[in-house]
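Enquirer: kindly generate the corresponding structure for this input.
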Amino acid sequence: MIDAMKKRSSPRDYTSTHTVYALRLRTLTVKLRDSDSPTEDKTLDTFGHPWDMWTVLETVYGTLDDEQEHLVLLILNGAHDLRGYKVMSSGRRDSVTVERRAVIRAAILLGATGIILAHNHPTGPASPSESDLLITRELVWACTAADLEMVDHLIWTRDRGMCSIRRERPDLFEPPKLT
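Expert: Here you go, the predicted model:
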């Protein structure tokens, strides 16, 4: 009886287990025309102003269904260089599920030091809902705990523009006060 208990409680041998957890990071190169030189392209690779992401999001959302909301995670390195993106979830016409844990996990596994969260509003204006504001605050807190920087949360629409929640509500991006 004691020998049977020892066998069950001994560590399992995982040397032959071939489980691999991998996330795919989609990368893209977005070419912009330099206004000074109409014949020369430049690559957008650094986030400075929210409107820098317009062409990136236009490219990403151009590959997705226009009738659904999609949550996209943009991966940044420490210099705020755009490294790629991951579509985190797709929802209905007027909502998308945000799994906070999955966003943080993906950002860490993809080597991000900063993230920009983006989602589209296919049916409405680019203004944030109360739910958008709440999720932003919760993710800022989660990013702080995970030693990530949440640079912005963008709401993109094809016809009605784009909204930077950081610009509209900078108070949501203040890190939580730990006592």
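Enquirer: once you drop chain neighbours, what's closest to the residue minimising distance to the centre of the chain?
Expert: The residue lying closest to the centre of the chain (CA atoms, centre = their mean) is Leu73, at 1.7 Å. Distances taken as CB to CB, 6 or more residues apart in numbering put Lys86 closest to Leu73, at 4.8 Å, once the chain neighbours are dropped. Where you see a C-beta, it was placed from the backbone N, CA and C, and this is true even at glycine.
Enquirer: so that neighbour sits against Ala106, correct?
Expert: Yes: using CB atoms under 8 Å, Lys86 makes contact with Ala106 at a distance of 5.6 Å.
Enquirer: helices along this structure, start to end?
Expert: With DSSP state H, the ranges of helices along the chain come out as 2-9, 54-62, 100-109, 130-145, 165-168.
Enquirer: out of those helices, which comes closest to His119?
Expert: helix 130-145 (7.8 Å; CB to CB).
Enquirer: export that closest one to PDB, keeping only CA atoms.
Expert: Extracted C-alpha coordinates of helix 130-145, given in PDB (Å, rounded to 0.1, in the frame of the first residue of the first chain):
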ATOM      1  CA  GLU A 130     -18.700  53.200 -20.500                       C
ATOM      2  CA  SER A 131     -17.600  49.600 -21.000                       C
ATOM      3  CA  ASP A 132     -14.700  50.800 -23.100                       C
ATOM      4  CA  LEU A 133     -13.600  53.100 -20.300                       C
ATOM      5  CA  LEU A 134     -13.900  50.400 -17.700                       C
ATOM      6  CA  ILE A 135     -11.900  47.900 -19.700                       C
ATOM      7  CA  THR A 136      -9.200  50.500 -20.300                       C
ATOM      8  CA  ARG A 137      -8.800  51.200 -16.600                       C
ATOM      9  CA  GLU A 138      -8.700  47.500 -15.700                       C
ATOM     10  CA  LEU A 139      -6.100  46.800 -18.400                       C
ATOM     11  CA  VAL A 140      -3.900  49.700 -17.300                       C
ATOM     12  CA  TRP A 141      -3.900  48.200 -13.800                       C
ATOM     13  CA  ALA A 142      -3.200  44.700 -15.100                       C
ATOM     14  CA  CYS A 143      -0.400  46.000 -17.300                       C
ATOM     15  CA  THR A 144       1.200  47.900 -14.400                       C
ATOM     16  CA  ALA A 145       1.200  44.600 -12.400                       C
END
